[in-house]
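> using only what follows, build the 3D model:
(one chain, ligands or ions: 1)
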Amino acid sequence: MKKGSIIILDFGSQYNQLIARRIREMGVYAEIVPYFTDLEEVKAMEPNGIILSGGPASVYLEDAPTVDPKVYELGIPVLGICYGMQLTTHLLGGEVARADKQEFGKAELIIDKKDSLIFDSIPEKTQVWMSHADHVTKLAPGFEKIAHTDSSVAVVADEARKIYAVQFHPEVTHSVYGKQLLSNFVFNIAKCEKNWRMTNYIEDTVKNIREKVGNKKVILALSGGVDSSVAAVLIHKAIGDQLSCFFIDTGLMRKNEAEKVMEAYGEHFHMNIECINAEERFLSKLKGVSDPEEKRKIIGREFVEIFEEQKKRFKDADFLAQGTIYPDVIESQSVKGPSATIKSHHNVGGLPENMEFELLEPLRELFKDEVRRVGRELGIADHMIDRHPFPGPGLGIRILGEVTKEKADILREADDIFIEELRNEDLYDKVSQAFVVLLPVKSVGVMGDERTYEYTAVLRSADTTDFMTATWSHLPYEFLEKVSNRIINEVDGINRLTYDISSKPPATIEWE
Ligand code: XMP
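Predicted coordinates:
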């Protein structure tokens, strides 16, 4: 299935994951490997095409990351993007220099060679996204300029050798026909076939898990989040009762979280799953602590301790399964150079190094949207798959100041109402992450004829694609009014509600 894929040599551009995702969306497998990966290894993957990615370096500097020039002689089509274009030019005998006029942002691409296969279905003039300080000043022998912008050579090609290079970033959406250009490379030039489908992935992975595990036993800590849940269901499909899962109820989970997880995976999928009730342990350790970092550390430490205890109970297990996904793997690959050791990504969930168990990570090749598709194919309910992210420390960082059971119970009720109303109004899927925060602030109110003195809570809802920057969701006033009425009327302990209208940056999505 992987044969005939596209290999992306990673030179460190922030957009590299996007290249792989765009290609996979087309139904073709794409994999990112560090630029210094041995060429023999690349050849052994039998790719149909190789992409040299962008990156922050300059080709004419000493120690600039480079590639074995034999990559151009394999007979495999090559596409260089940004730094990949400059490197290709440099290695094949052309010249690259710092541009007088650097281009960052939108530019107009003007195609010079309209009949090139790389420009199939792309208009003669189109907007592209540039981000470069260097540019090509002299083409390498055998190359021709096939498109330009007003300040740079934008696309070059040696069509006989099937080597193409573009100065702009086709993988970002600001390059309006960028996806078309990538698709032209993938299908017209590299002649890939569409064979990357989640149904095939499930079949192949189930087979691999069976082969790898044999009749041995596997354990998995299931958090109820998408990654660990999909990993669990996939492994369960492969080896059934040889898999044992445990769910650690920290007491800092959302309303009925443990019940929902047990119902979804224990009852519906008939998995061996045990709920470890650790509320007491977490809350007693958190008693009297109000510093956010200290709280995080306590929660993390306690989690690891319980995890270690659980592992000891499964002496006969040989494998530890984890929901590691592809972005975790890529982020742990170093592109700094062969000397920089490649970090192990075993600890994605903050869990300690593990020597006693062999790891089983059936999702390590998938992006998040692919994990969701696998989850749906496996029959996991939409409401479990499409959930907003929930932080590891849970309500511990949404109860500001000291965490107590009373506060956690109050927050759970309020949060549940907010989420229920978002779902009722079809707003849940339109916002990226929504939740309630409980402040350590009490204020005076009046209910009936009674004076009240209760907590203030905050509704937080953020819109974002990458969670690095975010804006507050412009939820309708009528909706906010309804949520406010319900929470104040139905939740004992809250008599005042506010709406968080801060963007990230400078605020963050969570309050602690
Ligand atoms: P911030 O608050 O930094 O959050 O804007 C960005 C995203 O990360 C999530 N988040 C966490 N997730 N452990 C996690 O697993 C954590 O300690 C943690 N802190 C924040 C947050 O919910 C948001 O999606």
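> can you show me the helices along this structure?
In the chain, the segments counted as helices under DSSP state H are 16-25, 39-44, 83-91, 178-183, 198-213, 226-239, 257-261, 279-286, 292-313, 326-332, 368-377, 382-385, 405-424, 477-490.
> which helices and strands does the longest one pack with?
For helix 292-313, the helices and strands in contact under the criterion 3 or more Cβ pairs under 8 Å, 6 or more residues apart in numbering; DSSP states H and E are strand 217-221, strand 243-249, helix 279-286. From N, CA and C alone the C-beta is placed, and that goes for glycine too.
> dump the helices of the chain into CSV; add distance to G55 and mean pLDDT as well.
Below are the helices of the chain laid out as CSV (distance: least, Cβ to Cβ, whole Å; pLDDT from 0 to 100):
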stretch, distance to G55, mean pLDDT
helix 16-25, 9, 94
helix 39-44, 17, 96
helix 83-91, 4, 97
helix 178-183, 18, 98
helix 198-213, 29, 96
helix 226-239, 28, 97
helix 257-261, 42, 95
helix 279-286, 43, 98
helix 292-313, 34, 93
helix 326-332, 14, 84
helix 368-377, 24, 96
helix 382-385, 34, 92
helix 405-424, 41, 98
helix 477-490, 45, 98
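> pick the most buried one from the ones you listed.
helix 83-91 (a mean of 25; mean count of other Cβ atoms under 10 Å).
> before we move on, back to that, now tabulate the helices and strands packed on helix 292-313 in CSV and tack on distance to A165.
Below are those laid out as CSV (distance: least, Cβ to Cβ, whole Å):
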stretch, distance to A165
strand 217-221, 45
strand 243-249, 47
helix 279-286, 55
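> out of these, which comes closest to E377?
Of all these, it is strand 243-249 that lies closest to E377, at 18.5 Å by Cβ to Cβ.
> just checking: what are the partner strands of that closest one?
According to DSSP bridges, strand 243-249 forms sheet pairs with strand 217-221 (parallel), strand 272-277 (parallel).
> could the ones you listed be laid out in TSV, adding mean pLDDT, distance to the ligand and mean neighbour count?
Listed next are those as TSV, based on pLDDT from 0 to 100; distance: least, Cβ to the nearest ligand atom, whole Å; neighbours: other Cβ atoms under 10 Å:
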stretch	mean pLDDT	distance to the ligand	mean neighbour count
strand 217-221	96	14	22
strand 272-277	97	19	16
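> distance check, the residue in the stretch 101-250 of the chain that the ligand sits nearest to against A434.
Scanning the stretch 101-250 of the chain for the residue nearest the ligand gives G225, at 8.5 Å (criterion: Cβ to the nearest ligand atom). With distances taken as Cβ to Cβ, to the nearest Å, G225 is found 16 Å from A434.
> these two: who's more crowded?
Set side by side, G225 and A434 show more neighbours around A434, with 21 against 16, by other Cβ atoms under 10 Å.
> if I look at the more buried one, how far off is the ligand?
The gap separating A434 from the ligand is 11 Å, by Cβ to the nearest ligand atom, to the nearest Å.
> correct me if wrong: that residue contacts S461.
Yes. Between A434 and S461 there is a contact under Cβ atoms under 8 Å: 3.9 Å.
> hey, what's in contact with both of these two?
Listed as contacting both A434 and S461 by Cβ atoms under 8 Å, 6 or more residues apart in numbering are L422, S473.
> and the contacts of stretch 232-242?
Contacts of stretch 232-242 (Cβ under 8 Å, 6+ apart): 202, 205-207, 209-210, 213, 215-218, 220, 222, 243, 245, 265, 269, 271-272, 321, 323, 360, 362-363, 374-375, 378-380.
> what residues does this structure have near the ligand?
Counting by Cβ under 6 Å from any ligand atom, the chain comes close to the ligand at R296, P389, P391, G392, P393, Q433, F467, K504, T508, I509, E510.
> go again using 8 Å as the cut-off
By the criterion of Cβ under 8 Å from any ligand atom, the positions of the chain lying close to the ligand are 296, 388-393, 397, 432-433, 462, 467-468, 470, 504, 507-511.
> which of these are buried, as a PyMOL select command?
Buried residues within the residues of the chain next to the ligand, by 16 or more other Cβ atoms under 10 Å, are selected in PyMOL with:
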select buried, resi 296+390+391+392+393+397+432+433+462+470+504+509+510+511
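> residue ranges with poor pLDDT in the stretch 1-150 of the chain?
Judged by pLDDT under 70, the stretch 1-150 of the chain has its weakly predicted residues at 1.
> where do the strands sit along it?
Using DSSP state E, counting those that start in this stretch, the strands of the stretch 1-150 of the chain run over 6-10, 30-34, 49-52, 78-81, 95-111, 125-138, 144-148.
> name every strand pairing with the first one and say which way it goes.
This points to strand 6-10. strand 30-34 (parallel), strand 49-52 (parallel).
> which residues touch the residue of the stretch 101-250 of the chain closest to the ligand?
G323, R387, P389, F390.
> give me the nearest residue to the last one, chain neighbours excluded.
Read that as F390. Spatial nearest neighbour of F390, chain neighbours left out: G225 (6.6 Å); criterion: Cβ to Cβ, 6 or more residues apart in numbering.
> let me know the pLDDT of the one you found.
Per-residue pLDDT puts G225 at 93.
> let the chain start at 44 from now.
Taking 44 as the first residue, the last one we looked at is G268.
> neighbours around E187, how many?
13.
> can you get me a residue count around A142?
Using other Cβ under 10 Å, A142 is surrounded by 16 other residues.
> wait, isn't it in contact with D177?
Yes. At 6.3 Å, A142 counts as touching D177 under the criterion of Cβ under 8 Å.
> is it possible to get CSV of the strands paired with strand 49-53 that adds mean neighbour count and distance to A208?
Shown next, in CSV, are the strands paired with strand 49-53 (neighbours: other Cβ atoms under 10 Å; distance: least, Cβ to Cβ, whole Å):
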stretch, mean neighbour count, distance to A208
strand 73-77, 20, 18
strand 92-95, 27, 8
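> including distance to N238, could those go into TSV?
TSV is the format used below for the strands paired with strand 49-53 (distance: least, Cβ to Cβ, whole Å):
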stretch	distance to N238
strand 73-77	12
strand 92-95	14
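> of all the ones you listed, which one is nearest P370?
Closest among the strands paired with strand 49-53, once you apply Cβ to Cβ, is strand 73-77, at 10.1 Å.
> using PDB, write out the CA atom coordinates for the closest one.
Output of strand 73-77 as PDB, limited to C-alpha atoms (Å, rounded to 0.1, in the frame of the first residue of the first chain):
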ATOM      1  CA  ALA A  73       3.000  10.700   1.900                       C
ATOM      2  CA  GLU A  74       5.700  10.400   4.500                       C
ATOM      3  CA  ILE A  75       8.000  13.000   6.000                       C
ATOM      4  CA  VAL A  76      11.600  11.900   6.700                       C
ATOM      5  CA  PRO A  77      14.600  14.000   7.900                       C
END
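> residues touching E236, list them.
G47, V71.
> and it, how close does it get to P90?
From E236 across to P90, the span is 13 Å (Cβ to Cβ).
> quickly list what's touching both of the two.
With Cβ under 8 Å, 6+ apart, E236 and P90 have common neighbours G47.
> I'd guessed G92 sits against G123; true?
No. At 11.7 Å, G92 and G123 do not qualify as touching, with contact defined as Cβ under 8 Å.
> out of the strands paired with strand 49-53, which comes closest to G444?
strand 73-77 (42.7 Å).
> now for the helices of the chain, which one comes closest to Y498?
Checking the helices of the chain against Y498 by Cβ to Cβ gives helix 448-467 as the closest, at 6.5 Å.
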